[in-house]
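Student: Provide a 3D model corresponding to the input given below.
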Amino acid sequence: MFLGDVQHYTLAMKIILILLTLIPLSASAQLFNIRVLDYGVTCSAGVPEQSFCTYVDSQLAEVEAEVNENLPSGTPTRLMDGMADSSVMAGKGIGTDYASHMDVFLIGAGVGVGADLHKDSQTDSDLSGAAVAPGVILGMNLSWMNSKRLLGMDTDRLNLYLNFMNYNFKQNINDEPGERSDAELDMMALGVHFRYDWIKGRGNKLLGWGGVKFTFGYEYNKNDINFQSEISENADEFDQPGQDYTGTVSGRPEAQIETTTHSIPLALSTDVQLLYFLSLYTGIGVDYNWGKSKGTGDVNGSASSISCTGAGCPTNPTIQVRPEADIDATGNPTPFTARGFLGVQLNIPFVRVFVQADKSLGNDLVSATAGVRLVY
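Tutor: Residues are numbered from 1 along each chain as shown. Below you'll find the model as predicted:
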């Protein structure tokens, strides 16, 4: 019944990988590169061999483009900043509740997806990062406590929410021979939130105002993404008149992005209920954030040799190349963010289905959350 089942989370993981692949290819900042270790000749401006070196570079660039076609690109540091900010945004909504009017307890599950829609002018990218946060949520009203007041708040107006989930997802991105790419996403999210019904609502279930609610808490989100590529490209595809290339460009470079973020959110919200079945809510929030996103690349392969024979090859050189991952960088989330959010909730007896959107103010950070909850 809940979004926490395998099918729904599999769909959510596909969404996050699709978001990552929306970052278009940049010739200067790709996830996987092919480095020329030795051209077999001296390459410098003005020498006859320079045209040969330029041709080799152009052919290897085509191989790089094919491998990186469905993978994220961007300047490594900017990508790491975007991943960290996206991680913070992904956690908004999965561990809180703004419109369910819980009297005793709540249990449910949801998933949040965050993205940094900043367009990096250096790489002509349309997306600078993405992250996901899964969560099972448990909530309770604190009216059962012996004390009627806690820290100056009425316990019958005070709700406690706990969320936690760890999930691993694997996805094949490219099955083309010689260009196979896979991604694995390991994530964990946890949090604790308190919601206080500051100003009581008015009306009834047919048409009612939910009052003003104050929410505060702590959110932790961890995303580890591993990209693997198996490169195997026959060099005879480089052939041109007078030049015959033999050998294979091969390797298994691997890149990892590890993101861990923390956030302390404060939010004010209000909601309205229409004809019982529909609730609309909105609010504003501020967040204090910290953490880090780190990218690392591994070679995982030795050099490959490519031979060039024919009249067009200068002194029949042997070219040495090696596929590598180029993503070594670190980034941090924006320390202080302000955001607005709105949501729609469908009310079925004892069941609540909702979707929520958050937009950070002053930048291009966004998130979307969806979930199902059993409320009593």
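
Student: from here on, contacts and neighbour counts on C-alpha atoms
Tutor: Noted.

Student: buried ones in stretch 160-168?
Tutor: Within stretch 160-168, the residues scored as buried using 16 or more other C-alpha atoms under 10 Å are 160, 161, 162, 163, 164, 165, 167.

Student: tell me which residues of stretch 280-300 come out buried.
Tutor: 280-299.

Student: what is the rounded mean pLDDT of the lengthiest helix in the chain?
Tutor: In the chain, assigned by DSSP state H, the helix with the most residues is helix 50-68. Here helix 50-68 scores 86 as its mean pLDDT.

Student: and that helix, what other elements does it pack with?
Tutor: For helix 50-68, the elements it packs on are strand 32-38, strand 179-199, strand 207-234, judged by 3 or more C-alpha pairs under 8 Å, 6 or more residues apart in numbering; DSSP states H and E.

Student: would you reformat those strands as JSON lines and include mean pLDDT?
Tutor: Output for those, formatted as JSON lines (pLDDT from 0 to 100):
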{"stretch": "strand 32-38", "mean pLDDT": "88"}
{"stretch": "strand 179-199", "mean pLDDT": "91"}
{"stretch": "strand 207-234", "mean pLDDT": "92"}
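
Student: please identify which of those is closest to residue 336.
Tutor: strand 207-234 (14.3 Å; C-alpha to C-alpha).

Student: what does the helix or strand just after the closest one contact?
Tutor: Note on strand 207-234: by DSSP states H and E, the next helix or strand toward the C-terminus is strand 244-251. Strand 244-251 has contacts (C-alpha atoms under 8 Å, 6 or more residues apart in numbering) with 230-239, 299-302, 304-310, 321-323.

Student: please, a PyMOL command that selects the buried ones among the residues you listed?
Tutor: Remark: buried members of the contacts of strand 244-251, expressed as a PyMOL selection using 16+ other C-alpha under 10 Å:
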select buried, resi 230+231+232+233+235+236+238+299+304+305+306+307+308+309+321+322+323
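
Student: ok, now which ones touch residue 179?
Tutor: Counted by C-alpha under 8 Å, 6+ apart, residue 179 has contacts 66, 67, 229, 230, 231, 232.

Student: residue 282 versus that one, what's the distance?
Tutor: 46 Å (C-alpha to C-alpha, to the nearest Å).

Student: and what of residue 209?
Tutor: On the measure of C-alpha to C-alpha, residue 209 and residue 282 end up 12 Å apart.

Student: need the overlap of contacts for these two.
Tutor: Contacts common to residue 209 and residue 282, judged by C-alpha under 8 Å, 6+ apart, are 270, 271.

Student: the helix or strand encompassing residue 262: which residues count as buried?
Tutor: Per DSSP H and E, residue 262 falls inside strand 254-274. For strand 254-274, a neighbour-count test (16+ other C-alpha under 10 Å) marks 254-273 as buried.

Student: what does stretch 170-187 give?
Tutor: So for stretch 170-187, counting by 16+ other C-alpha under 10 Å, buried means 170, 173-174, 178-187.

Student: please apply the same query to stretch 209-221.
Tutor: 209, 210, 212, 213, 214, 215, 216, 217, 218, 219, 220, 221.

Student: neighbours of residue 206, just the number please.
Tutor: 12 (other C-alpha atoms under 10 Å).
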